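**Q** need a structure here:
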Amino acid sequence: MKPTGPIPPYFSSDESGALLIGGLRADELVAEAGGTPLFVYDNNIVGAQVARFKGAMADGIALHYSVTANPYEPLLEFLGRYVDGFRIVSGGELNRLRAAGLAGIPINFAGPGKLDAELEAAVRAGATVSVESEGEAARTIRAGENVGARPKISVRVTPPFAIEDRMVTIGSRPSPFGVDAERVPLLVRGLLEAGVDWRGLHMFAGSQCLDAEALAEIHRVTVAHAGEIAGVIGLPLPELNLGSGFDIACRPGEAALDIDHVAAALNRTLCNAPPLLSTTRFTIELGRWLVGESGVYLTRVLDRTESCGHTFLTTDGGGHHLIGATGSLGERGLVNFPIAVANRFAAPAEEVVTVNGCLCTPFDILGDQVGLPRAEEGDLIAVFCAGAYGLSASPQAWESRPLARELLV
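**A** As a prediction, the model looks like this:
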């Protein structure tokens, strides 16, 4: 038997042992949605994460939601009541915010490869464009001229440090993301001469990290480096976007991020920030940490088969909906997300099985040799930690299979 990631502590069962999501039975949610495969997102969990962040962090640190993590419009509408803004990386994500009725909320448009039409739409919407190069800065200025609006521009900095193997390493690395630090002051001066609304710097080096001390150190060196750049520019920094990097525990052996430790360390860092950052507005962008644990992927067992002494449960879903749970369809059993039999959630494990999806590849494995209660054809399998980088990050068109449903409860 192989281990699985920890089931988030928010889920329980009713008196019959069936999984409850947001206080509702999984099978009833499937019936409400019209069938499986189905992603269910519990807004109570998302709200609790927002509250945890705001309760831990010092006043004045803005929380932005990274739309890429999950662009489901009812979820965006819910988040719009509680977060301070949104991070987008495409015109399509901007359209998702519009469809969710979120016009006017602060938006940061980051990422490489922005199209001219996307820049114009972002400037027109009043978004801050985080430029990744001198050329993109020039195109953003032209976009402002074309739409008759003064563009808001921040500069993304390629930091000379990174988190690697849970440690902060120093040294510059080639990257398509951002502008090398030594070129930033000249670029900022050019932006000011062009009359744009310069919104500061965007800089982060962490990616999906569970080590609180590593994140604390990244925040410390980021703030110090931003202070050095501000000193060369000779102006106070209006804003500093610290990016993201907060992960969730969804793989075997992982423990939850200590957000209180991260927050306390960041507060100490800001109390000792360089003078030119004394009036700076700080932002953290979170996606997976806010919504990842809220999601459950429900898929129905279609077949139970035996082969060479191994039991396989074949489901109607798979990696075309939740690619992360399969190890990105690249290596069988690379990871085992937390998994359960939804209609027997409270029952102990009775057998070791492999839960495989419906794709014609041996890598479409949702649970490799996992211990579960006995499941038969028609039973529901629940895969947890499915609220981020699920449906929109997976190859939905693979084999022209049906799309998964989504539901916010």
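**Q** hey, what's residue 64 bridged with?
**A** Bridge pairing for residue 64 (DSSP bridges) gives the partners residue 85, residue 285.
**Q** quick one: it and residue 177, what's the gap?
**A** 17 Å (C-beta to C-beta, to the nearest Å). In this view, the C-beta of every residue, glycine as well, is placed from N, C-alpha and C.
**Q** neighbour count: the two, which is higher?
**A** The neighbour comparison of residue 64 against residue 177 (other C-beta atoms under 10 Å) goes to residue 64, with 25 against 17.
**Q** so that one sits right up against residue 286, yeah?
**A** Yes: Residue 64 lies in contact with residue 286 (C-beta atoms under 8 Å); the separation is 7.5 Å.
**Q** who are the neighbours in contact with the nearest residue to residue 176 once chain neighbours are set aside?
**A** Computed as C-beta to C-beta, 6 or more residues apart in numbering, the closest residue to residue 176 that is not its neighbour in sequence is residue 112, at 5.2 Å. Residues near residue 112 by C-beta atoms under 8 Å, 6 or more residues apart in numbering: 132, 133, 136, 176, 177.
**Q** could you rerun that using 7 Å?
**A** 132, 176, 177 (C-beta atoms under 7 Å, 6 or more residues apart in numbering).
**Q** what helix or strand does the spatially closest residue to the first one that is not a sequence neighbour sit in?
**A** In this case it means residue 132. Nearest residue to residue 132 in three dimensions, chain neighbours excluded: residue 112, at 4.9 Å (C-beta to C-beta, 6+ apart). Using DSSP states H and E, residue 112 maps to neither a helix nor a strand.
**Q** list phi and psi for residue 112.
**A** Dihedral angles of residue 112 (phi, psi; degrees, to the nearest 10) stand at phi -80, psi 170.
**Q** give me the pLDDT value at it.
**A** With respect to pLDDT, residue 112 scores 93.
**Q** would you list the phi and psi of residue 89?
**A** Phi and psi for residue 89, reported as degrees, to the nearest 10, are phi -130, psi 10.
**Q** I'd like to know how many residues surround it.
**A** With other C-beta under 10 Å as criterion, residue 89 counts 19.
**Q** got it, and the one 4 residues further on?
**A** Close neighbours of residue 93, defined as other C-beta under 10 Å, add up to 22.
**Q** so how far is residue 281 from it?
**A** Residue 93 is 22 Å from residue 281, by C-beta to C-beta.
**Q** before we move on, what about residue 339?
**A** Distance, residue 339 to residue 281, by C-beta to C-beta: 42 Å.
**Q** and residue 343, by the same measure?
**A** From residue 343 to residue 281 the distance is 49 Å (C-beta to C-beta).
**Q** neighbour count winner among the two?
**A** Using other C-beta under 10 Å as the criterion, residue 343 and residue 281 rank with residue 343 on top: 22 against 16.
**Q** now that one, what's its secondary structure?
**A** Here residue 343 is recorded as helix under DSSP: H, G, I helix; E, B strand; the rest coil.
**Q** show me where pLDDT drops low in the stretch 51-200 of the chain?
**A** For the stretch 51-200 of the chain, the stretches with pLDDT under 70 are 161-175.
**Q** tell me which residues in stretch 229-242 are buried?
**A** 229, 230, 233, 237, 238, 239, 240, 241, 242 (16 or more other C-beta atoms under 10 Å).
**Q** and the fourth one, its phi and psi?
**A** The phi/psi pair for residue 237 (degrees, to the nearest 10) reads phi -90, psi 120.
**Q** now do the second one
**A** Main-chain torsions, residue 230, degrees, to the nearest 10: phi -60, psi -40.
**Q** same check, this time on the third one
**A** The phi and psi values for residue 233, taken as degrees, to the nearest 10, are phi -70, psi -40.
**Q** what residues are up against the nearest residue to it once chain neighbours are set aside?
**A** Nearest in space to residue 233, with sequence neighbours left out and distances taken as C-beta to C-beta, 6+ apart, is residue 185 at 4.8 Å. Counting by C-beta under 7 Å, 6+ apart, residue 185 touches 229, 232, 233.
**Q** run the last query once more with 10 Å
**A** Residues near residue 185 by C-beta atoms under 10 Å, 6 or more residues apart in numbering: 155, 229, 230, 231, 232, 233, 234, 235.
**Q** list the ones among the residues you listed that fall in strands.
**A** The strands, defined by DSSP state E, take in residue 155 from the contacts of residue 185.
**Q** just the contacts of residue 185 now: which is nearest residue 319?
**A** For those, the minimum distance to residue 319 (C-beta to C-beta) is 37.7 Å, reached by residue 155.
**Q** what is the burial count for the closest one?
**A** Residue 155 has 27 neighbours, counted by other C-beta under 10 Å.
**Q** please report the distance of it from residue 48.
**A** 35 Å.
**Q** who's in contact with residue 379?
**A** 27, 300, 301, 304, 313, 315, 341, 342, 343, 344, 372, 373.
**Q** put together TSV for those, with pLDDT on each row.
**A** Below are these laid out as TSV (pLDDT from 0 to 100):
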residue	pLDDT
27	98
300	98
301	98
304	98
313	98
315	98
341	98
342	98
343	96
344	97
372	98
373	98
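**Q** okay if I get those residues as JSON lines plus distance to residue 16?
**A** Shown next, in JSON lines, are those (distance: C-beta to C-beta, whole Å):
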{"residue": "27", "distance to residue 16": "10"}
{"residue": "300", "distance to residue 16": "18"}
{"residue": "301", "distance to residue 16": "18"}
{"residue": "304", "distance to residue 16": "22"}
{"residue": "313", "distance to residue 16": "21"}
{"residue": "315", "distance to residue 16": "22"}
{"residue": "341", "distance to residue 16": "13"}
{"residue": "342", "distance to residue 16": "12"}
{"residue": "343", "distance to residue 16": "8"}
{"residue": "344", "distance to residue 16": "9"}
{"residue": "372", "distance to residue 16": "17"}
{"residue": "373", "distance to residue 16": "13"}
